[in-house]
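Asker: how would this look folded up:
(2 chains)
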Amino acid sequence: MRKSMLAALAAGVALAFASQPTLAADKLKIGFLPGVVDPFYQVMQLGVERAAKDLGAEVVTQVPPTWGVEAQTPLLDAMVARGDLNYIIIAPVDKDQMVGPLKTAADHGIKIITVDTYLGDGDYVKGPVKFPLSYIGSDNVEGGRIAARGLAKAIGGKGSVYINSTNPNVSSVEGRAVGFKEVMAKEYPDIKVIGPDFNLDDPNKAAQQTAAVLSREPNLAGVFGTNVFSAQGAGTAVVNAGLGGHIQVVAYDATQLAIELMNKGVVSLVLAQKPFDMGYLAVAFAAADAAGVTSLPPRVETGFAIIDKDNVKDPAIARFIYKVGK
Amino acid sequence: MTSEPSRPAATSGSLGEGKQDVTMRGSIAAPAGAHGPGGGSSLQRLVLFLSRMWAWLFLAVMVLFFVVAVPLSTGGSVNFLTIRNSQNILVAIVPVLLLGLGQTFVLIAAGIDLSVGWVMSLASVLSALALRDAFNSGAPLPVAVLAGLAAGLAGAGLVGFLNGWIIAKLKVPAFIVTLGTSFIVRGVAYLMSENSTVIGLPAGLGAYGNDALIYYISGPGGGVYFLHRPDVGGELLRRMEIILPYPVLATAFVLALTMFLLHKTQFGRHTYAIGGSMDASVRSGIPVDRHVIKVYMLSAATAGVAGFLSTLRFTAGSAVIGDSLLLSSIAAVIIGGVSMFGGAGTVIGTVIGALIIAVLTTGLVMLNVDAFWQFIVVGTVVIVAVLIDQSRDLIVGRQRRGAAQ
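Answerer: Reported below is the predicted structural model:
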């Protein structure tokens, strides 16, 4: 008795949808898949949603709970399986391992735009990976260079410095460490660089690793935290060791905690990226491509705001601090 | 602690002391009343039947819910039961199911294996390293892949042996032993990998992990292709459906093997016996210590296969890949009806449990609901599963007493 009722229900539903024309077939539908839950990507989501509102697009967002291909790939697969997305905006969590799953998505007709991190070597014209539409993100190597010069100045040009980073094989933090080491090697040969250690995007691990280095390195003068959680964890460790102000910390990513630490004198330099720009531009590029624009740049550098204690109160600079909510 | 020192302790405090009943109970596929004395009212029998089949019913209801809700929420443009989605779900359950299959044996034997997640990671790293080295010293790709599988299984088997040996011979509770080895294995996996990943694997490897048995291209110019990805592009590529990817076939093979092992061999019967009552097993001459070691080696071996398949799929070894899977695998096994007291459960039940988790996650993404809700739902279902398991004991007890009068 129950079985035939179910069958009737299913048949009815099927008929109902068979007779309905596909609604909203012309509306732009975009998937947004950042790397993990953190303030940087939350601000990026604000940019995505604002552009979607301005341009009349629909956005499907899923945020992986942890940083890793095993967390991002199932969400990507599910988005592709929907069959109704024209574009996917993604921050690939590994520049090699995500190539396969994203190529599959591209083969199914979904155009890929990478934000913040890139696939392959980031050159989608001449590099090994060519299928994404564009890479919109900071020049992380240059950011690493800026951080190195800022830290070197803050510690007086000598001593040892420690890099605390998140994951290997991620284009963004990898670039920052590369740029940092490059400047230290060329311009400040008296500074010894320790690390990077990888905290796998866990601020607790970042704090532990930094605390360990603090206790074993007598000449430690500075710390470079390469992203949101690295900077937070490293800064916390410095404060807990009572060394705030004696050890200089340079933080990549302008979270409110980093700014608080700057106001307390723990952090001397904060590099703010522009995630809102990345999110907004990615949606705008999707809309432009859907409208037939073919001259979209394959690479957009969104730039930095360099925040120190002299300009942190300046509204023109302070607007780049990652604030989510009202 | 109870006065039975040779029991491989499970995590729950109430090990059912005094349970001398060695008969296999709780087979999900068996009709209700098959094991009881045939007494009890029809209402009791219906309740008993529901308590065994509830996972199937829940899965069916959930699928039906998504079939109806997904098109509703997207204005008819997205459907839930598509070929692509069904294959997605199959691919998604591969790691959880493989870990769950090994865990099924361990839980039926009244033990627990908390190290399976990290054993999977270790196997991923080991197979990547072996594969890379074999290929770089001139071996053809298929041989290198076999070398990778061997290395992954060997490493996993070693950990399983260690677990089983300490639990059986040194009489340390399983919870503690496997927790300890999980830390050790984690450290080894990190140290052996290069900053937690092993890259630089041969280019053709992706085909092993991502190609499928059947490729179906619908419409004009299409057709059915087998074993290798057809070299098409553009519109044909867009319409291509990938059916039965190789990792799914490998998992099906392992599934068939474990079903046979558990339900049709002496190995399986001994596993149920040890879980039902350690004392009775020892007295009836079952080589309990050796069997316990084998069970933990089996659990580690399935984790090893999972790690190997992950390396093939992502063409890289990863020391962190199994971290989140341990709890999902235990949840799948418990939802599937394996009793926390040992001595009961089936392999099919674990498959249903793994499907429930995967269907839930996929469905939530298609409904554009925050995927974090899956954790709340899965946790709730696990608690419900244990409650039903506990109350099933009550119902069976009451039935027996009712028939005896």
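
Asker: ok, residue B:325 - contacts?
Answerer: Contacts for residue B:325 (C-beta atoms under 8 Å, 6 or more residues apart in numbering or on different chains) come out as A:70, B:95, B:96, B:99, B:116, B:117, B:120, B:306. Where you see a C-beta, it was placed from the backbone N, CA and C, and this is true even at glycine.

Asker: Return the closest of those residues with respect to residue B:64.
Answerer: The nearest member of these to residue B:64, counting by C-beta to C-beta, is residue B:96 at 22.3 Å.

Asker: okay, among the contacts of residue B:325, which ones form the most distant pair?
Answerer: Largest pairwise distance in those, by C-beta to C-beta, is 14.5 Å, between A:70 and B:116.

Asker: More neighbours: which of these two?
Answerer: More crowded of residue A:70 and residue B:116, by other C-beta atoms under 10 Å in any protein chain shown: residue B:116, with 35 against 21.

Asker: contacting residues for the more buried one?
Answerer: Per C-beta under 8 Å, 6+ apart, neighbours of residue B:116: B:99, B:102, B:103, B:299, B:300, B:302, B:303, B:322, B:325, B:326, B:329.

Asker: could I get those as TSV with distance to residue B:186?
Answerer: Formatted as TSV, those follow (distance: C-beta to C-beta, whole Å):
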residue	distance to residue B:186
B:99	15
B:102	18
B:103	18
B:299	17
B:300	14
B:302	18
B:303	13
B:322	9
B:325	13
B:326	11
B:329	16
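
Asker: Just put those in JSON lines and tack on secondary structure and distance to residue B:260.
Answerer: What follows is the contacts of residue B:116, written out as JSON lines (DSSP: H, G, I helix; E, B strand; the rest coil; distance: C-beta to C-beta, whole Å):
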{"residue": "B:99", "secondary structure": "helix", "distance to residue B:260": "19"}
{"residue": "B:102", "secondary structure": "helix", "distance to residue B:260": "15"}
{"residue": "B:103", "secondary structure": "helix", "distance to residue B:260": "18"}
{"residue": "B:299", "secondary structure": "helix", "distance to residue B:260": "17"}
{"residue": "B:300", "secondary structure": "helix", "distance to residue B:260": "19"}
{"residue": "B:302", "secondary structure": "helix", "distance to residue B:260": "14"}
{"residue": "B:303", "secondary structure": "helix", "distance to residue B:260": "20"}
{"residue": "B:322", "secondary structure": "coil", "distance to residue B:260": "26"}
{"residue": "B:325", "secondary structure": "helix", "distance to residue B:260": "25"}
{"residue": "B:326", "secondary structure": "helix", "distance to residue B:260": "26"}
{"residue": "B:329", "secondary structure": "helix", "distance to residue B:260": "21"}
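
Asker: Closest one of those to residue B:127?
Answerer: Taking the contacts of residue B:116 together and measuring to residue B:127 by C-beta to C-beta, the closest member is residue B:303, at 12.0 Å.

Asker: now the closest one: how far from chain A?
Answerer: In this view, residue B:303 and chain A are 14 Å apart by C-beta to the nearest C-beta, to the nearest Å.

Asker: Quick check, that residue in contact with residue B:114.
Answerer: No. Counting by C-beta atoms under 8 Å, residue B:303 stays clear of residue B:114, with 11.4 Å between them.

Asker: More neighbours: which of these two?
Answerer: Under the criterion of other C-beta under 10 Å, the comparison of residue B:303 against residue B:114 puts residue B:303 first, with 37 against 23.

Asker: quick one, what contacts that one?
Answerer: So residue B:303 contacts B:98, B:99, B:102, B:116, B:117, B:119, B:120, B:123, B:156, B:322 (C-beta under 8 Å, 6+ apart).

Asker: In contact with residue 284: list those residues for me.
Answerer: Just going to use chain A. A:51, A:55.

Asker: Hmm, no, I was thinking of chain B.
Answerer: residue B:273.

Asker: separation between it and residue B:273?
Answerer: Using C-beta to C-beta, to the nearest Å, we find residue B:284 at a distance of 7 Å from residue B:273.

Asker: likewise residue B:148?
Answerer: 36 Å.

Asker: re the thing from before, just checking, which of the contacts of residue B:303 belong to helices?
Answerer: Among these, DSSP state H puts B:98, B:99, B:102, B:116, B:117, B:119, B:120, B:123, B:156 in helices.

Asker: List the contacts of the first one.
Answerer: Just to be clear, that refers to residue B:98. B:251, B:254, B:302, B:303, B:305, B:306, B:309.

Asker: nearest to residue A:239, of those?
Answerer: If you rank these by distance to residue A:239 using C-beta to C-beta, residue B:303 comes first, at 40.5 Å.

Asker: what's the pLDDT at that closest one?
Answerer: Note on residue B:303: pLDDT of 96.

Asker: separation between it and residue B:249?
Answerer: Counting by C-beta to C-beta, the gap from residue B:303 to residue B:249 is 19 Å.

Asker: does chain B sit close to stretch A:166-179?
Answerer: Yes. For stretch A:166-179, a contact with chain B is found by C-beta under 8 Å from any C-beta of the partner chain, at A:167, A:168, A:169.

Asker: Return the closest of the contacts of residue B:303 with respect to chain A.
Answerer: residue B:322 (8.3 Å; C-beta to the nearest C-beta).

Asker: and that closest one, what does it touch?
Answerer: B:95, B:99, B:116, B:117, B:118, B:119, B:120, B:121, B:124, B:303, B:306, B:307.

Asker: Can you read off the pLDDT for the residue lying closest to residue B:342 once chain neighbours are set aside?
Answerer: Nearest non-adjacent residue to residue B:342, counting by C-beta to C-beta, 6 or more residues apart in numbering or on different chains: residue B:110, 2.7 Å away. Note on residue B:110: pLDDT of 90.

Asker: do the same with residue B:280
Answerer: So residue B:280 comes in at 88 (pLDDT).

Asker: Please report how far it lies from residue B:171.
Answerer: Using C-beta to C-beta, we find residue B:280 at a distance of 18 Å from residue B:171.

Asker: Tell me the buried residues in stretch A:285-296?
Answerer: A:285, A:286, A:287, A:288, A:289, A:290 (16 or more other C-beta atoms under 10 Å in any protein chain shown).

Asker: How about that stretch and chain B, touching?
Answerer: No. Using C-beta under 8 Å from any C-beta, stretch A:285-296 stays clear of chain B, coming no nearer than 15.9 Å.

Asker: Alpha carbons of that stretch, in PDB - could you do that?
Answerer: Output of stretch A:285-296 as PDB, limited to C-alpha atoms (Å, rounded to 0.1, in the frame of the first residue of the first chain):
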ATOM      1  CA  PHE A 285      35.000  38.600 -15.300                       C
ATOM      2  CA  ALA A 286      32.500  35.800 -15.400                       C
ATOM      3  CA  ALA A 287      29.700  38.200 -16.400                       C
ATOM      4  CA  ALA A 288      32.000  39.800 -19.000                       C
ATOM      5  CA  ASP A 289      32.900  36.400 -20.500                       C
ATOM      6  CA  ALA A 290      29.300  35.400 -20.600                       C
ATOM      7  CA  ALA A 291      28.500  38.500 -22.500                       C
ATOM      8  CA  GLY A 292      31.100  37.700 -25.100                       C
ATOM      9  CA  VAL A 293      34.100  39.800 -23.900                       C
ATOM     10  CA  THR A 294      37.300  38.100 -25.200                       C
ATOM     11  CA  SER A 295      40.000  40.500 -24.000                       C
ATOM     12  CA  LEU A 296      39.900  39.600 -20.300                       C
END
